[in-house]
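K.L.:
Turn this into a model:
(one chain, ligands or ions: 1)
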Amino acid sequence: MEILIRKDYAAMCDEAAGLLAEEIRRKPALVLGLATGRTPLGVYERLIRLHKDGKLDFGRVRTFNLDEFISLGPDHPRSFHHELRTHFLDHVNIPRQNIHSLVGLIHNVEHYCEVYERKISAAGGIDIQIVGIGRNGHIGFNEPGSSLGSRTRPKTLAEETLADHRKAFPPGEEVPRFCVTMGIGTIMEAKRVLLLAAGAEKAEIVRKAVEGPITAAVPATVLQVHPRTATILDEPAASKLESARYWKWIDENKAKLDEIARPKE
Ligand code: F6R
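P.N.:
As a prediction, the model looks like this:
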């Protein structure tokens, strides 16, 4: 796992947006897995800015959303589909037909999830998957105890997750208790994973995810065995890492190691 610690949220977003922009320039038809939530918002803002400044073309990019609340239609302001549109997709030039969302209002959920998996395969798999981390260690909506080999499927959300989302819903409107989410196995098949976490309230779970034993009780720990995960943290989220000094040392030496490993012709 590559751990990059940046001084604050803005620097964390700069790093993540830079990495994504580089991937898109290298492969214009990149297949990008998108996460919702507060953490990636600054990253999307920076990608939009690069696009508006004429520095990044999304014309061939394809996207797959990570998860969605069951029972919310795509126009519901709290649906992940709507959030991703308003915070990112409506502001860049990704062709409509290249945008794949898990939809929350569907009849045969299980069949729908199988079709979604087939669409990911048909696109050649996800090149880079953005994930945040829940306070209980979930990635996507794969709550503690989810099979580490799970595929896209319907799930019941943990009470802790419902409580975290309650603030975003108007009083009187219940947070949907069920969701559809890419599975942990689906996420693990992405060629690269970008795990983002910011803020002191994530410090304890980040420590467990990065330095704790691999266990389904903390789904994010599975990323320790992913061959190419970059974890980008701000200082507060990294504040409980026992090996923070070590990760910084590795990072400081990265450019030099790259020169040795991939010498320019
Ligand atoms: C969102 C998602 C969730 C969030 C996680 C962190 O699509 O799948 O796993 O990434 O709950 O949320 P924030 O970023 O709001 O702290």
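K.L.:
per-residue pLDDT, residue 129?
P.N.:
Looking at residue 129, its pLDDT reads 98.
K.L.:
In its sheet, which strands sit next to the one helix or strand it maps to, and in what direction?
P.N.:
Assigning secondary structure by DSSP states H and E places residue 129 in strand 128-131. With DSSP bridges as the test, strand 128-131 is paired with strand 31-34 (parallel), strand 192-197 (parallel).
K.L.:
C-terminal to it, which secondary structure element comes first?
P.N.:
Counting by DSSP H and E, what follows strand 128-131 is strand 153-156.
K.L.:
what residues does stretch 146-157 touch?
P.N.:
70, 102, 109-110, 113-114, 116-117, 138, 141-143, 175-186, 188, 216, 219, 222 (Cβ atoms under 8 Å, 6 or more residues apart in numbering). Just so you know, the C-beta spots here come from the backbone N, C-alpha and C atoms, and that holds for glycine as well.
K.L.:
can you put the strands paired with strand 128-131 in a markdown table and add mean neighbour count?
P.N.:
Formatted as a markdown table, the strands paired with strand 128-131 follow (neighbours: other Cβ atoms under 10 Å):
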| stretch | mean neighbour count |
| --- | --- |
| strand 31-34 | 23 |
| strand 192-197 | 24 |
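K.L.:
can you redo those strands as TSV with mean pLDDT?
P.N.:
Compiled in TSV, the strands paired with strand 128-131 are given as follows (pLDDT from 0 to 100):
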stretch	mean pLDDT
strand 31-34	98
strand 192-197	98
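K.L.:
Can you mark which positions in the strand holding residue 129 are buried?
P.N.:
Within strand 128-131, the residues scored as buried using 16 or more other Cβ atoms under 10 Å are 128, 129, 130, 131.
K.L.:
dump the residue contacts of residue 44.
P.N.:
Contacts of residue 44 (Cβ under 8 Å, 6+ apart): 87, 88.
K.L.:
just to revisit the earlier point, with distance to the ligand added, can I get the strands paired with strand 128-131 in a markdown table?
P.N.:
Output for the strands paired with strand 128-131, formatted as a markdown table (distance: least, Cβ to the nearest ligand atom, whole Å):
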| stretch | distance to the ligand |
| --- | --- |
| strand 31-34 | 8 |
| strand 192-197 | 7 |
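K.L.:
Great, nothing more from me.
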